[in-house]
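> this one's structure only:
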(Lines give C-alpha, C1' and ligand atoms only; values in the text may rest on other atoms or scores of the structure.)
Protein backbone atom coordinates (compact mmCIF):
# COMPACT_ATOMS: atom_id res chain seq x y z
CA UNK A 1 0.00 0.00 0.00
CA UNK A 2 1.10 3.57 -0.43
CA UNK A 3 -0.29 7.06 -0.04
CA UNK A 4 0.75 10.24 -1.82
CA UNK A 5 1.71 13.43 0.04
CA UNK A 6 -1.37 15.10 1.43
CA UNK A 7 -3.57 12.10 0.72
CA UNK A 8 -6.22 10.89 3.19
CA UNK A 9 -5.95 7.12 3.38
CA UNK A 10 -8.41 4.93 5.27
CA UNK A 11 -7.46 1.51 6.60
CA UNK A 12 -10.56 -0.61 6.94
CA UNK A 13 -11.05 -4.19 7.99
CA UNK A 14 -12.61 -6.36 10.68
CA UNK A 15 -11.52 -6.25 14.31
CA UNK A 16 -8.13 -7.85 14.76
CA UNK A 17 -7.03 -7.47 11.14
CA UNK A 18 -4.03 -5.30 12.05
CA UNK A 19 -5.18 -1.70 11.48
CA UNK A 20 -4.02 -0.42 14.88
CA UNK A 21 -0.86 -2.52 14.74
CA UNK A 22 0.00 -0.99 11.37
CA UNK A 23 -0.52 2.53 12.71
CA UNK A 24 1.58 1.83 15.80
CA UNK A 25 4.42 0.43 13.70
CA UNK A 26 4.20 3.44 11.36
CA UNK A 27 4.40 5.75 14.39
CA UNK A 28 7.41 3.81 15.67
CA UNK A 29 5.57 2.94 18.89
CA UNK A 30 5.99 -0.79 18.26
CA UNK A 31 8.70 -2.69 16.43
CA UNK A 32 7.68 -5.13 13.69
CA UNK A 33 8.67 -8.75 14.19
CA UNK A 34 10.14 -8.70 10.71
CA UNK A 35 10.59 -6.26 7.86
CA UNK A 36 11.62 -2.62 7.80
CA UNK A 37 10.12 0.73 8.68
CA UNK A 38 11.61 3.37 6.39
CA UNK A 39 11.31 7.07 7.14
CA UNK A 40 12.89 9.11 4.35
CA UNK A 41 14.69 5.95 3.31
CA UNK A 42 16.19 5.26 6.75
CA UNK A 43 15.21 2.05 8.54
CA UNK A 44 13.92 2.67 12.06
CA UNK A 45 12.73 -0.88 12.82
CA UNK A 46 15.78 -1.63 14.97
CA UNK A 47 17.03 1.85 15.85
CA UNK A 48 17.44 3.27 19.36
CA UNK A 49 14.86 5.06 21.48
CA UNK A 50 16.10 8.63 21.00
CA UNK A 51 16.33 8.23 17.22
CA UNK A 52 12.80 6.88 17.12
CA UNK A 53 11.57 9.76 19.27
CA UNK A 54 13.15 12.26 16.89
CA UNK A 55 11.49 10.60 13.89
CA UNK A 56 8.19 10.30 15.76
CA UNK A 57 8.15 14.06 16.31
CA UNK A 58 7.53 14.49 12.59
CA UNK A 59 4.30 12.55 13.03
CA UNK A 60 1.35 12.65 15.38
CA UNK A 61 -1.17 10.03 16.41
CA UNK A 62 -4.64 10.23 17.91
CA UNK A 63 -5.53 7.14 19.94
CA UNK A 64 -8.86 5.38 20.02
CA UNK A 65 -9.56 6.41 23.58
CA UNK A 66 -8.43 9.98 24.25
CA UNK A 67 -6.19 10.27 27.30
CA UNK A 68 -6.26 13.74 28.77
CA UNK A 69 -3.30 15.08 30.67
CA UNK A 70 -4.07 16.48 34.11
CA UNK A 71 -4.79 20.19 33.81
CA UNK A 72 -6.52 22.42 31.33
CA UNK A 73 -7.47 22.08 27.70
CA UNK A 74 -4.78 24.64 26.92
CA UNK A 75 -2.11 22.60 28.65
CA UNK A 76 -3.13 19.53 26.68
CA UNK A 77 -3.05 21.30 23.34
CA UNK A 78 0.36 22.85 24.09
CA UNK A 79 1.95 19.60 25.25
CA UNK A 80 3.24 18.48 21.86
CA UNK A 81 4.84 21.89 21.35
CA UNK A 82 6.45 21.83 24.79
CA UNK A 83 8.09 18.41 24.34
CA UNK A 84 9.53 19.63 21.04
CA UNK A 85 10.90 22.75 22.72
CA UNK A 86 8.67 25.00 20.60
CA UNK A 87 7.07 28.23 21.74
CA UNK A 88 3.86 27.37 23.52
CA UNK A 89 2.73 30.98 23.45
CA UNK A 90 2.44 30.66 19.66
CA UNK A 91 -0.73 32.20 18.27
CA UNK A 92 -1.15 28.91 16.42
CA UNK A 93 -2.47 27.37 19.66
CA UNK A 94 -5.33 29.87 19.85
CA UNK A 95 -6.04 29.41 16.15
CA UNK A 96 -6.11 25.62 16.60
CA UNK A 97 -8.49 25.89 19.52
CA UNK A 98 -10.77 28.02 17.37
CA UNK A 99 -10.48 25.66 14.38
CA UNK A 100 -11.50 22.67 16.50
CA UNK A 101 -14.44 24.40 18.16
CA UNK A 102 -12.66 24.71 21.49
CA UNK A 103 -12.55 28.50 21.61
CA UNK A 104 -13.24 29.76 25.10
CA UNK A 105 -12.50 26.36 26.63
CA UNK A 106 -8.77 26.84 27.08
CA UNK A 107 -9.00 27.01 30.87
CA UNK A 108 -11.51 24.19 31.30
CA UNK A 109 -10.21 21.10 33.10
CA UNK A 110 -9.72 18.63 30.27
CA UNK A 111 -10.88 15.60 32.22
CA UNK A 112 -14.29 17.11 32.90
CA UNK A 113 -15.14 17.31 29.17
CA UNK A 114 -17.51 15.00 27.33
CA UNK A 115 -16.12 12.17 25.17
CA UNK A 116 -16.60 14.14 21.97
CA UNK A 117 -14.96 17.24 23.39
CA UNK A 118 -12.01 15.20 24.64
CA UNK A 119 -11.54 13.76 21.17
CA UNK A 120 -11.54 17.31 19.76
CA UNK A 121 -8.80 18.19 22.26
CA UNK A 122 -6.87 15.08 21.24
CA UNK A 123 -7.12 16.06 17.58
CA UNK A 124 -6.13 19.69 18.25
CA UNK A 125 -3.21 18.48 20.35
CA UNK A 126 -2.00 16.20 17.57
CA UNK A 127 -2.41 18.70 14.75
CA UNK A 128 -1.04 21.86 16.41
CA UNK A 129 2.52 20.61 15.82
CA UNK A 130 1.85 20.50 12.04
CA UNK A 131 2.90 16.87 11.61
CA UNK A 132 3.95 15.56 8.23
CA UNK A 133 1.90 12.42 8.87
CA UNK A 134 -1.23 12.28 11.03
CA UNK A 135 -2.31 8.85 12.25
CA UNK A 136 -5.86 8.45 13.48
CA UNK A 137 -6.86 5.25 15.26
CA UNK A 138 -10.65 4.91 15.10
CA UNK A 139 -11.06 8.61 16.03
CA UNK A 140 -14.85 8.47 16.08
CA UNK A 141 -15.17 5.17 17.92
CA UNK A 142 -15.59 6.60 21.41
CA UNK A 143 -17.95 9.36 20.29
CA UNK A 144 -21.77 9.43 20.36
CA UNK A 145 -23.50 8.82 17.02
CA UNK A 146 -25.01 12.29 17.06
CA UNK A 147 -21.61 13.91 17.41
CA UNK A 148 -19.90 12.00 14.61
CA UNK A 149 -20.92 14.24 11.68
CA UNK A 150 -19.45 17.23 13.51
CA UNK A 151 -16.18 15.43 14.19
CA UNK A 152 -15.98 14.13 10.61
CA UNK A 153 -16.47 17.66 9.34
CA UNK A 154 -13.74 18.86 11.70
CA UNK A 155 -11.24 16.25 10.51
CA UNK A 156 -12.09 16.96 6.87
CA UNK A 157 -11.66 20.70 7.38
CA UNK A 158 -8.32 20.33 9.14
CA UNK A 159 -7.01 18.03 6.42
CA UNK A 160 -8.03 20.45 3.69
CA UNK A 161 -6.51 23.42 5.49
CA UNK A 162 -3.24 21.88 6.59
CA UNK A 163 -2.69 19.41 3.75
CA UNK A 164 -0.90 16.76 5.83
CA UNK A 165 -0.93 13.11 4.88
CA UNK A 166 -3.46 11.21 6.98
CA UNK A 167 -3.68 7.51 7.72
CA UNK A 168 -6.91 6.62 9.49
CA UNK A 169 -7.93 3.22 10.85
CA UNK A 170 -11.65 2.65 11.03
CA UNK A 171 -14.17 -0.16 10.95
CA UNK A 172 -16.94 2.33 10.10
CA UNK A 173 -17.38 2.37 6.33
CA UNK A 174 -19.19 5.72 6.53
CA UNK A 175 -16.01 7.30 7.94
CA UNK A 176 -13.93 5.89 5.11
CA UNK A 177 -16.41 6.97 2.44
CA UNK A 178 -16.84 10.40 3.93
CA UNK A 179 -13.22 11.31 4.63
CA UNK A 180 -10.76 9.34 2.54
CA UNK A 181 -9.55 9.54 -1.03
CA UNK A 182 -7.71 6.22 -0.78
CA UNK A 183 -8.84 3.04 0.98
CA UNK A 184 -6.90 -0.03 1.99
CA UNK A 185 -8.83 -3.14 3.03
CA UNK A 186 -7.00 -5.39 5.50
CA UNK A 187 -7.66 -8.90 6.67
CA UNK A 188 -5.43 -11.03 8.87
CA UNK A 189 -2.57 -8.56 8.51
CA UNK A 190 -2.67 -8.67 4.71
CA UNK A 191 -3.76 -6.07 2.18
CA UNK A 192 -6.79 -7.44 0.35
CA UNK A 193 -7.35 -4.41 -1.85
CA UNK A 194 -5.93 -0.90 -2.08
CA UNK A 195 -7.01 1.90 -4.35
CA UNK A 196 -9.08 5.04 -4.67
CA UNK A 197 -12.01 4.92 -2.29
CA UNK A 198 -14.69 5.07 -5.02
CA UNK A 199 -12.95 2.23 -6.84
CA UNK A 200 -12.72 -0.04 -3.80
CA UNK A 201 -16.36 0.51 -2.89
CA UNK A 202 -17.74 0.13 -6.41
CA UNK A 203 -15.42 -2.63 -7.66
CA UNK A 204 -14.38 -4.88 -4.78
CA UNK A 205 -11.68 -7.28 -5.87
CA UNK A 206 -12.98 -10.41 -4.16
CA UNK A 207 -15.60 -11.98 -1.95
CA UNK A 208 -14.00 -10.82 1.29
CA UNK A 209 -13.81 -7.18 0.30
CA UNK A 210 -17.30 -7.30 -1.18
CA UNK A 211 -18.70 -8.80 1.99
CA UNK A 212 -16.85 -6.36 4.21
CA UNK A 213 -18.02 -3.27 2.39
CA UNK A 214 -21.59 -4.46 2.77
CA UNK A 215 -22.36 -6.30 -0.43
CA UNK A 216 -24.80 -9.13 0.12
CA UNK A 217 -25.85 -12.26 -1.75
CA UNK A 218 -22.28 -13.19 -2.63
CA UNK A 219 -22.14 -16.59 -4.34
CA UNK A 220 -19.16 -18.69 -5.45
CA UNK A 221 -19.68 -19.56 -9.11
CA UNK A 222 -18.21 -21.32 -12.09
CA UNK A 223 -18.45 -19.25 -15.27
CA UNK A 224 -19.33 -20.86 -18.58
CA UNK A 225 -19.96 -18.41 -21.38
CA UNK A 226 -22.57 -15.93 -20.20
CA UNK A 227 -23.73 -18.03 -17.26
CA UNK A 228 -22.52 -18.29 -13.67
CA UNK A 229 -23.36 -21.63 -12.07
CA UNK A 230 -23.77 -21.60 -8.28
CA UNK A 231 -24.88 -25.02 -7.12
CA UNK A 232 -28.35 -25.55 -8.64
CA UNK A 233 -28.62 -21.97 -9.84
CA UNK A 234 -27.69 -20.97 -13.39
CA UNK A 235 -27.42 -17.20 -13.26
CA UNK A 236 -27.30 -15.27 -16.50
CA UNK A 237 -24.69 -12.53 -16.19
CA UNK A 238 -24.02 -9.53 -18.38
CA UNK A 239 -20.73 -10.72 -19.85
CA UNK A 240 -18.90 -13.82 -21.08
CA UNK A 241 -16.41 -15.31 -18.67
CA UNK A 242 -14.70 -18.58 -17.81
CA UNK A 243 -13.20 -20.11 -14.72
CA UNK A 244 -14.22 -19.71 -11.07
CA UNK A 245 -15.11 -16.55 -9.15
CA UNK A 246 -17.79 -14.76 -7.18
CA UNK A 247 -20.89 -12.79 -8.04
CA UNK A 248 -23.01 -10.47 -5.92
CA UNK A 249 -26.71 -9.85 -6.45
CA UNK A 250 -27.69 -6.60 -4.66
CA UNK A 251 -30.86 -7.17 -2.61
CA UNK A 252 -32.45 -4.04 -4.04
CA UNK A 253 -32.32 -5.29 -7.66
CA UNK A 254 -34.25 -8.51 -6.93
CA UNK A 255 -37.99 -8.44 -7.59
CA UNK A 256 -40.24 -10.64 -5.47
CA UNK A 257 -43.59 -11.83 -6.84
CA UNK A 258 -46.17 -14.51 -6.15
CA UNK A 259 -46.09 -15.87 -9.69
CA UNK A 260 -43.43 -16.18 -12.40
CA UNK A 261 -43.11 -12.67 -13.87
CA UNK A 262 -43.64 -12.02 -17.55
CA UNK A 263 -40.77 -9.62 -18.13
CA UNK A 264 -37.45 -9.22 -19.93
CA UNK A 265 -35.51 -10.23 -16.84
CA UNK A 266 -33.45 -13.28 -17.70
CA UNK A 267 -32.99 -14.56 -14.18
CA UNK A 268 -36.24 -15.98 -12.82
CA UNK A 269 -36.25 -18.59 -10.05
CA UNK A 270 -38.83 -20.14 -7.73
CA UNK A 271 -38.20 -19.49 -4.05
CA UNK A 272 -39.53 -20.12 -0.54
CA UNK A 273 -39.60 -17.34 2.05
CA UNK A 274 -37.52 -18.45 5.04
CA UNK A 275 -37.52 -15.33 7.21
CA UNK A 276 -38.63 -11.73 7.31
CA UNK A 277 -36.66 -8.99 9.05
CA UNK A 278 -38.47 -5.69 9.50
CA UNK A 279 -36.32 -2.64 8.86
CA UNK A 280 -36.55 1.13 9.25
CA UNK A 281 -36.79 1.92 5.52
CA UNK A 282 -37.55 -1.42 3.93
CA UNK A 283 -37.95 -4.97 5.14
CA UNK A 284 -35.46 -7.71 4.32
CA UNK A 285 -37.03 -10.94 3.11
CA UNK A 286 -34.84 -14.03 3.17
CA UNK A 287 -35.65 -16.51 0.41
CA UNK A 288 -34.30 -19.96 -0.26
CA UNK A 289 -33.64 -20.86 -3.89
CA UNK A 290 -31.39 -23.39 -5.63
CA UNK A 291 -29.79 -24.28 -2.29
CA UNK A 292 -28.97 -20.66 -1.35
CA UNK A 293 -30.48 -18.12 0.99
CA UNK A 294 -30.72 -14.70 -0.67
CA UNK A 295 -31.75 -11.37 0.81
CA UNK A 296 -34.36 -9.26 -0.94
CA UNK A 297 -35.41 -5.74 -0.01
CA UNK A 298 -39.12 -4.98 -0.20
CA UNK A 299 -41.24 -2.13 1.08
CA UNK A 300 -43.39 -2.93 4.06
CA UNK A 301 -46.55 -2.23 2.03
CA UNK A 302 -45.50 -4.72 -0.63
CA UNK A 303 -44.63 -7.36 1.92
CA UNK A 304 -48.02 -7.01 3.58
CA UNK A 305 -49.86 -6.88 0.25
CA UNK A 306 -48.12 -10.03 -0.95
CA UNK A 307 -48.60 -11.64 2.49
CA UNK A 308 -44.99 -12.74 2.55
CA UNK A 309 -44.30 -14.85 5.59
CA UNK A 310 -41.93 -17.72 6.34
CA UNK A 311 -43.07 -20.66 4.26
CA UNK A 312 -44.71 -18.57 1.51
CA UNK A 313 -43.99 -19.67 -2.05
CA UNK A 314 -42.74 -16.90 -4.33
CA UNK A 315 -40.65 -16.07 -7.40
CA UNK A 316 -37.54 -13.93 -7.58
CA UNK A 317 -36.28 -12.20 -10.71
CA UNK A 318 -33.43 -9.87 -11.61
CA UNK A 319 -31.63 -8.55 -14.69
CA UNK A 320 -28.44 -10.12 -15.96
CA UNK A 321 -26.77 -6.72 -16.00
CA UNK A 322 -27.55 -6.19 -12.29
CA UNK A 323 -25.33 -9.10 -11.29
CA UNK A 324 -21.99 -7.77 -10.00
CA UNK A 325 -19.05 -9.91 -10.98
CA UNK A 326 -16.32 -9.82 -8.32
CA UNK A 327 -12.70 -10.43 -9.26
CA UNK B 1 -4.16 -5.23 87.01
CA UNK B 2 -3.76 -2.29 89.35
CA UNK B 3 -0.05 -2.17 88.66
CA UNK B 4 -0.77 -2.16 84.95
CA UNK B 5 -3.25 0.69 85.34
CA UNK B 6 -0.69 2.64 87.36
CA UNK B 7 1.93 2.01 84.69
CA UNK B 8 -0.48 3.34 82.02
CA UNK B 9 -1.15 6.41 84.09
CA UNK B 10 2.54 7.03 84.50
CA UNK B 11 3.13 6.50 80.80
CA UNK B 12 0.49 9.07 79.88
CA UNK B 13 2.00 11.54 82.33
CA UNK B 14 5.44 11.00 80.72
CA UNK B 15 3.97 11.82 77.31
CA UNK B 16 1.98 14.83 78.43
CA UNK B 17 4.88 16.32 80.35
CA UNK B 18 7.26 15.60 77.43
CA UNK B 19 9.54 13.41 79.49
CA UNK B 20 13.12 14.18 78.30
CA UNK B 21 14.05 10.53 77.67
CA UNK B 22 10.83 9.78 75.78
CA UNK B 23 11.23 13.00 73.79
CA UNK B 24 14.88 12.33 72.96
CA UNK B 25 14.19 8.77 71.78
CA UNK B 26 11.16 9.88 69.76
CA UNK B 27 13.05 12.65 67.98
CA UNK B 28 15.99 10.36 67.19
CA UNK B 29 13.63 7.70 65.81
CA UNK B 30 11.89 10.28 63.64
CA UNK B 31 15.19 11.63 62.33
CA UNK B 32 16.54 8.16 61.51
CA UNK B 33 13.33 6.91 59.86
CA UNK B 34 12.78 10.14 57.93
CA UNK B 35 16.40 10.09 56.70
CA UNK B 36 16.24 6.46 55.62
CA UNK B 37 12.90 7.02 53.86
CA UNK B 38 14.17 10.12 52.06
CA UNK B 39 17.34 8.35 50.92
CA UNK B 40 15.39 5.29 49.79
CA UNK B 41 12.90 7.46 47.87
CA UNK B 42 15.66 9.39 46.10
CA UNK B 43 17.61 6.25 45.26
CA UNK B 44 14.84 3.87 44.32
CA UNK B 45 12.14 5.99 42.67
CA UNK B 46 14.29 6.51 39.54
CA UNK B 47 15.18 2.81 39.61
CA UNK B 48 11.49 1.94 39.85
CA UNK B 49 10.81 4.15 36.81
CA UNK B 50 13.60 2.40 34.92
CA UNK B 51 12.23 -1.05 35.78
CA UNK B 52 8.71 -0.03 34.86
CA UNK B 53 9.50 1.49 31.46
CA UNK B 54 12.38 -0.71 30.35
CA UNK B 55 11.85 -3.97 28.51
CA UNK B 56 14.45 -6.68 29.01
CA UNK B 57 14.47 -10.46 29.42
CA UNK B 58 13.62 -11.49 32.96
CA UNK B 59 11.98 -8.18 33.84
CA UNK B 60 8.93 -9.92 35.28
CA UNK B 61 11.10 -12.18 37.41
CA UNK B 62 13.03 -9.19 38.77
CA UNK B 63 9.84 -7.42 39.78
CA UNK B 64 8.45 -10.60 41.36
CA UNK B 65 11.68 -10.99 43.32
CA UNK B 66 11.44 -7.41 44.58
CA UNK B 67 7.88 -7.99 45.73
CA UNK B 68 8.92 -11.21 47.45
CA UNK B 69 11.36 -9.14 49.55
CA UNK B 70 8.54 -7.09 51.09
CA UNK B 71 8.50 -9.43 54.06
CA UNK B 72 12.27 -9.72 54.45
CA UNK B 73 12.92 -10.41 58.16
CA UNK B 74 14.37 -7.33 59.83
CA UNK B 75 17.01 -9.35 61.66
CA UNK B 76 18.22 -10.67 58.32
CA UNK B 77 18.63 -7.09 57.07
CA UNK B 78 20.40 -6.30 60.33
CA UNK B 79 22.68 -9.28 59.96
CA UNK B 80 23.68 -8.36 56.40
CA UNK B 81 24.42 -4.73 57.30
CA UNK B 82 26.24 -5.82 60.46
CA UNK B 83 28.54 -8.07 58.40
CA UNK B 84 29.07 -5.20 55.96
CA UNK B 85 29.96 -2.64 58.61
CA UNK B 86 31.76 -4.79 61.13
CA UNK B 87 35.46 -4.28 61.63
CA UNK B 88 36.30 -7.27 59.46
CA UNK B 89 33.67 -6.37 56.85
CA UNK B 90 34.24 -4.54 53.54
CA UNK B 91 33.08 -1.21 55.00
CA UNK B 92 34.56 -1.69 58.46
CA UNK B 93 37.03 1.12 57.96
CA UNK B 94 34.14 3.62 57.88
CA UNK B 95 33.51 2.88 61.58
CA UNK B 96 29.78 3.17 61.15
CA UNK B 97 28.74 0.25 63.33
CA UNK B 98 26.78 1.19 66.45
CA UNK B 99 25.96 4.65 65.12
CA UNK B 100 22.69 6.18 63.95
CA UNK B 101 24.03 6.15 60.39
CA UNK B 102 24.30 2.37 60.55
CA UNK B 103 20.62 2.19 61.45
CA UNK B 104 19.79 4.49 58.55
CA UNK B 105 21.72 2.18 56.19
CA UNK B 106 19.92 -0.88 57.56
CA UNK B 107 16.53 0.78 57.20
CA UNK B 108 17.27 1.91 53.64
CA UNK B 109 18.14 -1.70 52.83
CA UNK B 110 14.98 -2.91 54.54
CA UNK B 111 12.52 -0.52 52.89
CA UNK B 112 14.13 -0.62 49.41
CA UNK B 113 11.90 -3.47 48.18
CA UNK B 114 8.82 -1.70 49.59
CA UNK B 115 9.62 1.59 47.82
CA UNK B 116 10.69 -0.15 44.59
CA UNK B 117 7.76 -2.54 44.43
CA UNK B 118 5.04 -0.10 45.40
CA UNK B 119 6.29 2.67 43.12
CA UNK B 120 6.36 0.18 40.22
CA UNK B 121 2.78 -0.81 41.11
CA UNK B 122 1.81 2.86 41.26
CA UNK B 123 3.26 3.48 37.80
CA UNK B 124 1.56 0.37 36.50
CA UNK B 125 -1.72 1.77 37.75
CA UNK B 126 -1.48 4.64 35.28
CA UNK B 127 -3.37 3.64 32.13
CA UNK B 128 -1.22 2.22 29.35
CA UNK B 129 -3.02 4.72 27.10
CA UNK B 130 -1.18 7.48 28.94
CA UNK B 131 2.28 6.26 27.99
CA UNK B 132 1.22 5.58 24.40
CA UNK B 133 -0.40 9.01 24.07
CA UNK B 134 2.65 10.80 25.46
CA UNK B 135 5.02 8.91 23.14
CA UNK B 136 2.69 9.52 20.18
CA UNK B 137 2.82 13.25 20.97
CA UNK B 138 6.60 13.13 20.70
CA UNK B 139 7.59 12.85 24.37
CA UNK B 140 11.00 11.29 25.07
CA UNK B 141 11.63 8.75 27.82
CA UNK B 142 12.30 11.27 30.60
CA UNK B 143 9.34 13.39 29.54
CA UNK B 144 7.06 10.34 29.65
CA UNK B 145 8.41 9.28 33.06
CA UNK B 146 7.84 12.78 34.47
CA UNK B 147 4.20 12.89 33.39
CA UNK B 148 3.44 9.31 34.42
CA UNK B 149 5.02 9.90 37.85
CA UNK B 150 2.85 12.98 38.20
CA UNK B 151 -0.23 10.96 37.24
CA UNK B 152 0.69 8.38 39.88
CA UNK B 153 1.72 10.91 42.52
CA UNK B 154 -0.82 9.93 45.16
CA UNK B 155 -0.03 6.23 44.79
CA UNK B 156 3.70 7.04 44.89
CA UNK B 157 3.17 9.10 48.03
CA UNK B 158 1.39 6.11 49.55
CA UNK B 159 4.44 4.01 48.71
CA UNK B 160 6.71 6.50 50.48
CA UNK B 161 4.45 6.51 53.54
CA UNK B 162 4.42 2.72 53.64
CA UNK B 163 8.22 2.78 53.49
CA UNK B 164 8.32 5.23 56.38
CA UNK B 165 5.91 3.06 58.32
CA UNK B 166 8.14 0.03 57.84
CA UNK B 167 11.23 2.00 58.86
CA UNK B 168 9.82 3.49 62.02
CA UNK B 169 8.38 0.22 63.28
CA UNK B 170 11.36 -2.06 62.75
CA UNK B 171 13.52 -3.01 65.70
CA UNK B 172 15.60 -6.07 64.90
CA UNK B 173 18.01 -4.41 62.48
CA UNK B 174 18.26 -1.26 64.63
CA UNK B 175 19.23 -3.39 67.64
CA UNK B 176 21.89 -5.32 65.73
CA UNK B 177 23.66 -2.46 63.95
CA UNK B 178 22.87 0.33 66.43
CA UNK B 179 23.53 -1.45 69.67
CA UNK B 180 20.69 0.34 71.47
CA UNK B 181 23.14 2.76 73.08
CA UNK B 182 21.47 5.28 75.40
CA UNK B 183 21.66 8.82 74.06
CA UNK B 184 23.14 7.66 70.74
CA UNK B 185 21.32 4.82 68.96
CA UNK B 186 18.32 4.01 71.13
CA UNK B 187 15.10 4.11 69.11
CA UNK B 188 11.46 3.62 70.08
CA UNK B 189 11.46 -0.09 69.21
CA UNK B 190 14.83 -0.94 70.77
CA UNK B 191 13.97 1.08 73.89
CA UNK B 192 10.70 -0.80 74.32
CA UNK B 193 12.51 -4.15 74.03
CA UNK B 194 15.08 -3.06 76.62
CA UNK B 195 12.49 -1.50 78.92
CA UNK B 196 10.43 -4.68 79.17
CA UNK B 197 13.58 -6.65 79.84
CA UNK B 198 14.49 -4.31 82.68
CA UNK B 199 10.95 -4.14 84.07
CA UNK B 200 10.51 -0.45 83.16
CA UNK B 201 6.90 -1.03 82.15
CA UNK B 202 5.66 2.57 82.31
CA UNK B 203 8.42 3.88 80.06
CA UNK B 204 7.86 1.03 77.62
CA UNK B 205 4.15 1.75 77.53
CA UNK B 206 4.81 5.44 76.93
CA UNK B 207 7.13 4.65 74.04
CA UNK B 208 4.64 2.12 72.74
CA UNK B 209 1.86 4.71 72.72
CA UNK B 210 4.08 7.11 70.75
CA UNK B 211 4.99 4.35 68.29
CA UNK B 212 1.33 3.39 67.90
CA UNK B 213 0.45 7.03 67.28
CA UNK B 214 2.99 7.20 64.45
CA UNK B 215 1.71 3.94 62.96
CA UNK B 216 -1.87 5.22 63.05
CA UNK B 217 -0.83 8.55 61.54
CA UNK B 218 0.91 6.76 58.67
CA UNK B 219 -2.20 4.59 58.08
CA UNK B 220 -4.42 7.65 58.11
CA UNK B 221 -2.21 9.48 55.61
CA UNK B 222 -2.10 6.42 53.32
CA UNK B 223 -5.87 6.27 53.48
CA UNK B 224 -6.20 9.97 52.70
CA UNK B 225 -3.87 9.73 49.69
CA UNK B 226 -5.95 6.79 48.52
CA UNK B 227 -9.05 8.96 48.69
CA UNK B 228 -7.29 11.73 46.73
CA UNK B 229 -6.37 9.16 44.10
CA UNK B 230 -9.97 8.18 43.56
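Here it is on my side, so go on. If you're wondering where the values come from, they're calculated on a predicted model, not measured in any experiment. Residues are numbered from 1 along each chain as shown, chains lettered A, B, ... in the order given.
> On the pLDDT front, check residue 116 for me.
This is for chain A. Looking at residue A:116, its pLDDT reads 89.
> was after chain B, sorry
95.
> helix or strand for it, which one?
Assigned by DSSP states H and E, residue B:116 falls within helix B:100-124.
> Now look at that helix and say if it contacts chain A.
No - using CB under 8 Å from any CB of the partner chain, we find that helix B:100-124 stays clear of chain A, coming within 15.0 Å at best. For glycine as for every other residue, the C-beta is placed from the backbone atoms N, C-alpha and C.
> Which single residue of the stretch 151-300 of chain A ends up nearest chain B?
residue A:167 (12.9 Å; CB to the nearest CB).
> That residue contacts residue A:136, correct?
Yes - contact criterion CB atoms under 8 Å: residue A:167 and residue A:136 qualify, at 7.3 Å.
> Counting residues, which helix of chain B comes out longest?
The longest helix of chain B (DSSP state H) is helix B:20-53.
> Could you pull up the residues touching residue A:223?
By CB atoms under 8 Å, 6 or more residues apart in numbering or on different chains, residue A:223 lies in contact with A:229, A:237, A:241, A:242, A:243, A:244, A:245.
> The residue nearest to residue A:197 when sequence neighbours are not counted pairs with what?
The shortest distance from residue A:197 to any non-neighbouring residue, by CB to CB, 6 or more residues apart in numbering or on different chains, is to residue A:183 (4.4 Å). Taking DSSP bridges as the rule, residue A:183 bridges to residue A:10, residue A:195.
> rewinding a little: for the residue of the stretch 151-300 of chain A closest to chain B, which three-state class applies?
Under DSSP: H, G, I helix; E, B strand; the rest coil, residue A:167 falls in the strand class.
> That one bridge partners, please.
For residue A:167, the beta-bridge partners are residue A:9, residue A:135 (DSSP bridges).
> so which strand or helix has residue 157?
Unless you meant another one, I'm taking chain A. Per DSSP H and E, residue A:157 falls inside helix A:148-162.
> That was the other one, I meant chain B.
Here residue B:157 is assigned to helix B:153-169, by DSSP H and E.
> what's the spacing between that helix and its chain's center?
Between the centre of helix B:153-169 and the centre of its chain there are 7 Å (CA atoms, centre = their mean, to the nearest Å).
> what packs against that helix?
helix B:20-53, helix B:100-124, helix B:201-229 (3 or more CB pairs under 8 Å, 6 or more residues apart in numbering or on different chains; DSSP states H and E).
> Tell me the first helix or strand C-terminal of the shortest one.
Tracing the chain past helix B:100-124, the next element assigned as helix or strand by DSSP H and E is helix B:128-136.
> what angle separates that next one from helix B:20-53?
Helix B:128-136 runs at 70 degrees relative to helix B:20-53, counting by axes from the mean of the first three to the mean of the last three CA atoms, to 10 degrees.
> touching chain A at all, helix B:128-136?
Yes - judged by CB under 8 Å from any CB, helix B:128-136 and chain A are in contact via B:129, B:130, B:132, B:133, B:135, B:136.
> and these, which are buried?
B:130, B:132, B:133, B:135, B:136 (16 or more other CB atoms under 10 Å in any protein chain shown).
> Would you point out the most distant pair within these?
For those, with distances taken as CB to CB, the pair at the greatest spread is B:130 and B:136 (10.8 Å).
> circling back: average pLDDT for the longest helix of chain B, rounded please.
93.
> does it come close to chain A?
No - using CB under 8 Å from any CB, helix B:20-53 stays clear of chain A, coming no nearer than 9.9 Å.
> Which strands or helices does that helix pack on?
Using 3+ CB pairs under 8 Å, 6+ apart: helix B:20-53 touches helix B:59-68, helix B:100-124, helix B:141-151, helix B:153-169, helix B:188-198, helix B:201-229.
> Reformat those helices into CSV and put mean neighbour count and distance to residue A:56 next to each item.
Formatted as CSV, those follow (neighbours: other CB atoms under 10 Å in any protein chain shown; distance: least, CB to CB, whole Å):
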stretch, mean neighbour count, distance to residue A:56
helix B:59-68, 13, 23
helix B:100-124, 24, 21
helix B:141-151, 18, 12
helix B:153-169, 22, 26
helix B:188-198, 19, 52
helix B:201-229, 17, 31
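> what's the closest of these to residue A:191?
helix B:141-151 (32.3 Å).
> picking up where we left off before, from residue A:300, how far off is the residue nearest to residue A:197?
34 Å (CB to CB, to the nearest Å).
> center of chain B - which residue?
residue B:167 (2.9 Å; CA atoms, centre = their mean).
> Quick one: residues contacting that residue.
B:32, B:33, B:36, B:37, B:107, B:110, B:111.
> Skip the chain neighbours and tell me the closest residue to the fourth one.
I take that to be residue B:37. Closest residue to residue B:37 apart from its sequence neighbours, by CB to CB, 6+ apart: residue B:164 at 4.4 Å.
> Could you do residue B:102 as well?
Nearest one to residue B:102, counting by CB to CB, 6+ apart, is residue B:177 at 4.1 Å.
> Now do the lowest-mean-pLDDT helix or strand in chain B: everything it contacts.
Least confident helix or strand of chain B, by mean pLDDT, DSSP states H and E, is helix B:2-16 with a mean of 81. Contacts with helix B:2-16, where a contact means CB under 8 Å, 6+ apart, come from B:22, B:201, B:202, B:203, B:205, B:206, B:208, B:209, B:210.
> gap between the closest residue in space to the third one that isn't next to it in sequence and residue B:23?
Once its chain neighbours are removed from consideration, residue B:202 has its nearest residue in residue B:10; the separation is 3.8 Å (CB to CB, 6+ apart). With the distance defined as CB to CB, residue B:10 ends up 16 Å from residue B:23.
> before we move on, what about residue A:208?
Remark: distance between residue A:208 and residue B:23 (CB to CB) = 81 Å.
> What of residue A:324?
92 Å.
> following the helix holding residue B:157, which helix or strand shows up next?
Next element after helix B:153-169 (DSSP H and E): helix B:172-178.
> With pLDDT added, can I get the residues of helix B:128-136 next to chain A in a markdown table?
Formatted as a markdown table, the residues of helix B:128-136 next to chain A follow (pLDDT from 0 to 100):
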| residue | pLDDT |
| --- | --- |
| B:129 | 86 |
| B:130 | 92 |
| B:132 | 92 |
| B:133 | 94 |
| B:135 | 94 |
| B:136 | 94 |
